[in-house]
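J.: Provided below are the primary sequence and the corresponding predicted coordinates.
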Amino acid sequence: MTERYRYFRQPGPIMVALLVAAVMMVSAASASEIALPVAWNVTFSPEENSKFDAVAGTADGGYIVLGSTLTGSGEDLLLVKTDGRGNEIWTERFPGMAAASVAETADGGYIVAGYNATAGQDQNAARQGSSLLIRTDAAGKEEWRQVLQNEKVSVVRPTADGGYVITGWLWDLPGSANDTTAVITKTDGNGTPTWSRTFPGAAANTGIVTADGGYVIGGTKSPFTYDLGDAFLIRLDAGGNTLWEKNYAVPVIFDVEETGKGGFVYSGNFWYGLVDAKGEEVWLRNMEGLAGYAVALRPAGGYMIAGTDIRSGEAFAFGTDGDGIVRWKTTIPGARVYAADSAPGGYVLAGIRQVPPAMGAAWLAGLEEAPASTPAAPGFGAIAAGAALLLLLLAGRTRRE
């Protein structure tokens with residue numbers, strides 16, 4: 001036996017530990033460097049400047065998407081129904097407003113929220129504006145609308161009693177201590193308010209209906225400094241009574257979802273986190289440079305975060321396990337994601353894509369994720385098997401020599 005094999009003929013504990021660690025690092029890297037394939041992507045209105053701001057799955061396996069187009073007189077709201085691969089079925093336009101939120105109703109129609117906002121005449125004047133709540137039939141034809149004065153709607157969701165819950169904020173009067181007051185409003189089936197709750201010095205970007213019929217809203221403090229500790233979640237019961245109110249060490253929350261275990265996962269600028277049913281933090285993860293505009297539950301467990309890389313301007317989506325550890329990540333150059341949702345076999349992303357000659361065109365894309373394609377645990381089986389095989393080979397070599 002030549003001299004160069006002596007080191008392997010008598011492996012010490014340090015050498016074995018180093019080799020096992022190398023196997024573990026390779027296995028862990030292969031588990032986290034997966035990129036989900038973009039199964040399809042579609043652009044809309046490429047001849048004009050447009051974008052999508054909201055998307056939701058529909059009972060027929062397709063999607064309802066809400067966005068806006070820039071016109072000579074301002075913005076027009078764009079409501080688009082597609083099939084499961086983003087192919088347009090119909091489009092309706094509503095002039096004079098920007099897009100906020102859309103959802104399918106129990107009877108197959110849609111509830112749409114839009115808004116318009118104008119700045120004051122000087123820099124010290126507060127912004128003002130109003131929002132619209134529009135109910136359409138299954139073909140997108142308007143059935144009724146309600147005007148919400150001095151309010152900026154962020155999210156609208158149907159409720160089990162046939163009504164709706166609206167989350168957003170009120171513009172405070174010039175000279176007020178704060179810019180906005182967070183608001184959540186419950187309406188009946190015709191959009192008429194039945195109760196409203198306000199939270200001064202805050203703005204609500206997101207809101208959901210919880211499994212028990214209550215509500216959770218989230219956002220940031222006002223004025224908008226976006227400092228660490230400004231983000232908040234508030235939980236209310238079905239009657240609008242506050243159950244708890246928590247602030248977190250992050251600047252802003254853009255989206256929140258209820259988990260299957262009664263907690264809530266949220267995403268925002270540079271951070272995403274999980275809290276329990278009482279709002280207590282379970283874990284917090286950093287995503288440097290990323291704005292997470294949307295969060296959804298993964299079918300195999302864990303969470304999907306989507307948004308835009310603030311540094312590069314690229315769209316991104318990544319999936320985590322139940323502890324928030326990233327298991328896959330997909331980036332899409334030339335696009336920005338403003339909304340996302342779970343979809344059969346994966347996820348749907350909505351936003352804007354650069355399509356000449358327009359500055360950008362409304363864009364929809366689908367990501368595929370098979371239930372077993374990404375393990376919930378970080379490849380522990382592969383790590384253990386590799387380590388065991390390595391030890392057996394070393395032991396065998398020692399015995400033979």
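T.: Everything's here; your move. Just so it is clear, the structure is predicted and the values come from calculations on it, not from any experiment.
J.: any idea how far the residue most central in space within the chain is from T308?
T.: Centroid-nearest residue in the chain: A294, 0.8 Å away (criterion: CA atoms, centre = their mean). Using CB to CB, to the nearest Å, A294 is found at 10 Å from T308. The way it works is simple: take the backbone N, C-alpha and C, and place the C-beta from them, glycine included.
J.: G229 now?
T.: Computed as CB to CB, the G229 to T308 distance reads 24 Å.
J.: and what of S154?
T.: Remark: distance between S154 and T308 (CB to CB) = 18 Å.
J.: Between these two, which is the more surrounded one?
T.: The residue with more neighbours, out of S154 and T308, is S154; 26 against 22, by other CB atoms under 10 Å.
J.: wait, doesn't that one sit right on W169?
T.: Yes. Proximity of S154 to W169 meets the contact threshold set by CB atoms under 8 Å, at 7.5 Å.
J.: What residues of stretch 232-249 count as buried?
T.: Of all the residues in stretch 232-249, those buried under the rule 16 or more other CB atoms under 10 Å are 232-236, 238, 240, 248.
J.: For it, give the mean pLDDT please.
T.: Stretch 232-249 comes out with an average pLDDT of 98.
J.: for stretch 166-173, same thing?
T.: For stretch 166-173, mean pLDDT rounds to 92.
J.: Neighbouring strands of the helix or strand where S68 lies in the sheet, and parallel or not?
T.: S68 is part of strand 63-71 when elements are defined by DSSP states H and E. Here strand 63-71 is paired, per DSSP bridges, with strand 50-57 (antiparallel), strand 74-82 (antiparallel).
J.: which residues touch whichever strand or helix holds V147?
T.: Using DSSP H and E, V147 maps to strand 142-149. Here strand 142-149 makes contact (CB atoms under 8 Å, 6 or more residues apart in numbering) with 92, 94, 109, 130-137, 166, 185, 187, 190-192.
J.: Buried ones among those residues?
T.: The neighbour count (16+ other CB under 10 Å) marks 92, 94, 109, 130-136, 166, 185, 187, 191 as buried among the contacts of strand 142-149.
J.: hang on, the earlier thing: what sits in contact with each of S154 and W169?
T.: Common neighbours of S154 and W169, using CB under 8 Å, 6+ apart, are 204, 219.
J.: Could I get the full set of strands for the stretch 251-400 of the chain?
T.: Remark: strands assigned in the stretch 251-400 of the chain by DSSP state E, counting those that start in this stretch are 253-258, 264-275, 281-297, 303-309, 315-320, 326-332, 335-343, 346-353, 361-368.
J.: ok, back up a step: mark which of the contacts of strand 142-149 are part of strands, please.
T.: 92, 94, 130-136, 166, 185, 187 (DSSP state E).
J.: which regions of the stretch 101-250 of the chain lie under the pLDDT threshold?
T.: The model of the stretch 101-250 of the chain has pLDDT under 70 over residues 118-127.
J.: Around R157, how many other residues sit close by?
T.: Neighbour count for R157, taken as other CB under 10 Å: 17.
J.: Also the one 3 residues further on?
T.: When neighbours are defined as other CB under 10 Å, A160 has 9 of them.
J.: Pretty sure it sits against D212.
T.: No. Assessed by CB under 8 Å, A160 is found out of contact with D212, at 10.6 Å.
J.: Could you measure from V209 over to A103?
T.: Counting by CB to CB, the gap from V209 to A103 is 10 Å.
J.: Spit out the residues that contact those two alike.
T.: Common neighbours of V209 and A103 are listed as 157-158 (criterion: CB under 8 Å, 6+ apart).
J.: Which pair of the buried ones among the contacts of strand 142-149 spans the longest distance?
T.: The span of these, defined through CB to CB, is set by E92 and T185 at 24.7 Å.
J.: What's the mean pLDDT across the strand holding S68?
T.: 93.
J.: In it, which residues are buried?
T.: Applying a neighbour-count criterion of 16+ other CB under 10 Å, the buried positions in strand 63-71 are 63-70.
J.: rewinding a little: tell me how many other residues surround the residue lying closest to the residue nearest to the centre of the chain once chain neighbours are set aside.
T.: In this structure, A294 finds its nearest non-sequential neighbour in A340, 3.8 Å apart by CB to CB, 6 or more residues apart in numbering. Using other CB under 10 Å, A340 is surrounded by 27 other residues.
J.: A340 and A306 touch, don't they?
T.: Yes. Under the criterion of CB under 8 Å, A340 makes contact with A306 at 3.9 Å.
J.: any shared contact partners between these two?
T.: 293-294, 296, 317, 347, 349.
J.: Can you classify P46 as helix, strand or coil?
T.: Of the three states, P46 takes coil under DSSP: H, G, I helix; E, B strand; the rest coil.
J.: what about it, how many neighbours?
T.: As a burial measure, P46 scores 16 neighbours (other CB under 10 Å).
J.: what do you get for the one 3 residues further on?
T.: One way to gauge burial is a neighbour count; for N49, by other CB under 10 Å, it gives 19.
J.: go on, R93?
T.: So R93, with other CB under 10 Å, has 14 neighbours.
J.: can you pull the contacts of it?
T.: 69, 76-79.
J.: T225: which of those residues is nearest?
T.: L77 (30.5 Å).
J.: Kindly export the helix or strand where A203 lies (C-alpha atoms) in CSV.
T.: Under the criterion of DSSP H and E, A203 resides in strand 202-209. Presented in CSV, the C-alpha positions along strand 202-209 are these (Å, rounded to 0.1, in the frame of the first residue of the first chain):
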residue,chain,number,x,y,z
ALA,A,202,-52.9,52.5,11.7
ALA,A,203,-53.6,51.3,8.2
ALA,A,204,-54.9,47.8,7.4
ASN,A,205,-53.5,46.2,4.3
THR,A,206,-55.1,42.8,4.7
GLY,A,207,-57.9,40.9,6.4
ILE,A,208,-59.4,37.4,6.5
VAL,A,209,-62.4,35.6,7.8
